[in-house]
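>>> Okay, predicted coordinates and the sequence, questions at the end:
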Amino acid sequence: MPPAQRTEMRRLGVLTFHRCINYGSYWQARCLVEGLRRMGVEAELLDHESPRVTWAELRCALSPTLPQRTPRSDFPAYARKTRKFREAFERLPLSRRFPIDRPEEMGDYDAVIVGSDEVWNLRHPWYGGCSAFYGKGVRGTLISYAASFGNQNASEGLSDHWASQIGNFASISVRDQNSRRMIRTALGHDPDIVLDPCLQFPGPAARRGGSGEGYVALYGHNFPEWFCLSVRNWARTRGLPIRSIGYRNDWADEQWLEAGPLEFAELMAGADAVVTNFFHGCVFALLNGRPFVTAPSAYRMNKVRDLLWELGAEGHMILPEDDDRVVARSLDEPPASAVQQRIDRLRAQSGDFLRRALAMPS
């Protein structure tokens, strides 16, 4: 890995999945670029485009719960949700647009931060293997912030080709231990572990305190049957309706399918408890200090498991052998104070990483 550039960097591009119709992708991109700006850096999101990816996003946005069938009656709500995302995208601080397969057209920056999100996941359904996220053709000092390999397991290793690309980064940080092991094996050193941008730079994503309405925020889809039954039993005994945000879940009491990214943040913060199988469902519960449980899918297991282990919140991940009492324990009480203390420590460490990588005074 080349030595880090020591000249203070002022103009910065952020290369990430900022146009995905996904609440977590939107908020991690927004929180990172706005957080960097608060640090005094002239940062903007690198506005890449690809017709192939645009169509893939649209198909997924209108039928987001596959293999669960999408009722035709849901399409108008999903279309409204998509419009809200597109309006929110245009309010982000964006560079001039360029083709993702021609990163040399993005312009000149002192540095480019790649991440957060699964930017290095070669299995990503439409960005997997996109060379720009590995720095190919990108001008300026390369930095990764909270990069992840997603469901690509470290035990499978990384080919010499991709390892050599990542080796061109001047500073590397990742957000999970699976990604750290991947880099250690490929490059022979341990990268920094840093917080997801939503936890590092909360900004408008955080709205602490319940709304007083009384409901459970359900975020995700295709939950296992045993998990649904356990959560419903808990909610019924507390007299709380379950609101499914952004995705249809027939076992929920209410379907809030058309929520945009701002509404999502408000609904997550206002809930009495959060039920999720998504990484950013856990992040938003932690961000707002809400009680929560998760049963991550195989695709999301690496990042959810490692997040909770890193923060000492692994008790909120429910396993098939756990009974209703385990679910109730996690949904009745917010995360322990020790979890927030770990977030605070990692927030300081993550800030130190960025200041070192950007050659900023401490």
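Yep, that arrived. Numbers count the residues shown, from 1 in each chain.
>>> Now do the buried residues in the helix or strand harbouring D344.
Element membership for D344, per DSSP states H and E: helix 337-357. Using 16 or more other CB atoms under 10 Å as the test for burial, helix 337-357 gives 339-340, 342-343, 346-347, 350-351, 353-354, 356-357. Quick note: C-beta positions are derived from backbone N, CA and C, even for glycine.
>>> Could you do stretch 46-54 as well?
46-48, 50, 53.
>>> mind saving the C-alpha coords of the helix holding D344 as CSV?
What follows is helix 337-357, C-alpha atoms only, in CSV (Å, rounded to 0.1, in the frame of the first residue of the first chain):
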residue,chain,number,x,y,z
SER,A,337,-25.7,1.8,28.1
ALA,A,338,-22.5,-0.2,27.4
VAL,A,339,-23.6,-0.4,23.7
GLN,A,340,-23.8,3.4,23.5
GLN,A,341,-20.4,3.6,25.2
ARG,A,342,-18.9,1.4,22.5
ILE,A,343,-20.5,3.5,19.8
ASP,A,344,-19.0,6.6,21.4
ARG,A,345,-15.5,5.0,21.4
LEU,A,346,-15.8,3.8,17.8
ARG,A,347,-17.1,7.3,16.8
ALA,A,348,-13.9,8.8,18.2
GLN,A,349,-11.7,6.2,16.4
SER,A,350,-13.6,6.7,13.2
GLY,A,351,-13.1,10.4,13.3
ASP,A,352,-9.4,9.8,14.0
PHE,A,353,-9.1,7.6,10.9
LEU,A,354,-10.7,10.3,8.7
ARG,A,355,-8.5,13.0,10.0
ARG,A,356,-5.4,10.9,9.4
ALA,A,357,-6.6,9.8,5.9
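>>> pLDDT weak spots in this protein?
Along the chain, segments meeting pLDDT under 70 span 1-9, 207-211, 362.
>>> quick one: the strands in it?
11-15, 42-45, 48-49, 98-99, 111-114, 141-144, 173-174, 192-193, 216-219, 242-245, 254-256, 273-276, 292-294 (DSSP state E).
>>> Tell me which of those approaches P76 most closely.
strand 254-256 (12.4 Å; CB to CB).
>>> hang on, the earlier thing: got a markdown table for the strands of the chain, with distance to D332 too?
A markdown table is the format used below for these (distance: least, CB to CB, whole Å):
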| stretch | distance to D332 |
| --- | --- |
| strand 11-15 | 39 |
| strand 42-45 | 39 |
| strand 48-49 | 44 |
| strand 98-99 | 50 |
| strand 111-114 | 39 |
| strand 141-144 | 38 |
| strand 173-174 | 33 |
| strand 192-193 | 30 |
| strand 216-219 | 12 |
| strand 242-245 | 16 |
| strand 254-256 | 21 |
| strand 273-276 | 8 |
| strand 292-294 | 10 |
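>>> To L308, which of these lies closest?
strand 292-294 (7.6 Å).
>>> returning to that earlier point: so which of the buried residues of stretch 46-54 sit within helices?
V53 (DSSP state H).
>>> Of the buried residues of stretch 46-54, which is the nearest to A88?
The nearest one, if we look at those relative to A88 and count by CB to CB, is D47, at 13.8 Å.
>>> quick one: the closest one and E90 touch, right?
No. Under the criterion of CB atoms under 8 Å, D47 makes no contact with E90, lying 10.0 Å away.
>>> if I look at the two, which residues touch both of them?
Among the neighbours of D47, none is also in contact with E90 (CB atoms under 8 Å, 6 or more residues apart in numbering).
>>> Please name the nearest non-neighbouring residue to E254.
Spatial nearest neighbour of E254, chain neighbours left out: R243 (4.6 Å); criterion: CB to CB, 6 or more residues apart in numbering.
>>> rewinding a little: residues in contact with the helix holding D344?
4, 36, 39, 111, 143, 145-146, 170-171, 173, 192-195, 199-200, 286, 289, 310-313, 360-362.
>>> quick one: the closest residue to I100 other than its chain neighbours and M106, what's the gap?
Leaving aside its sequence neighbours, I100 sits nearest to H48 (CB to CB, 6+ apart; 4.0 Å). Going from H48 to M106 by CB to CB, to the nearest Å gives 7 Å.
>>> list the residues that contact both of these two?
Common neighbours of H48 and M106, using CB under 8 Å, 6+ apart, are F98.
>>> Report the beta-bridge partners for R243.
As for beta bridges, R243 partners with A217, E254 under DSSP bridges.
>>> correct me, but it touches Y215?
Yes. Assessed by CB under 8 Å, R243 is found in contact with Y215 at 5.0 Å.
>>> intersection of neighbour lists for these two?
In terms of CB under 8 Å, 6+ apart, R243 and Y215 are both contacted by the residues 254, 271.
>>> Count the residues that sit near R69.
10 (other CB atoms under 10 Å).
>>> ok, now F85?
With other CB under 10 Å as criterion, F85 counts 20.
>>> what's the span of stretch 12-19, first residue to last?
In stretch 12-19, first residue to last residue: 19 Å (CA to CA, to the nearest Å).
>>> Now render the buried residues of stretch 46-54 as JSON lines, adding distance to F75.
Converted to JSON lines, those look like this (distance: CB to CB, whole Å):
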{"residue": "L46", "distance to F75": "32"}
{"residue": "D47", "distance to F75": "28"}
{"residue": "H48", "distance to F75": "28"}
{"residue": "S50", "distance to F75": "24"}
{"residue": "V53", "distance to F75": "21"}
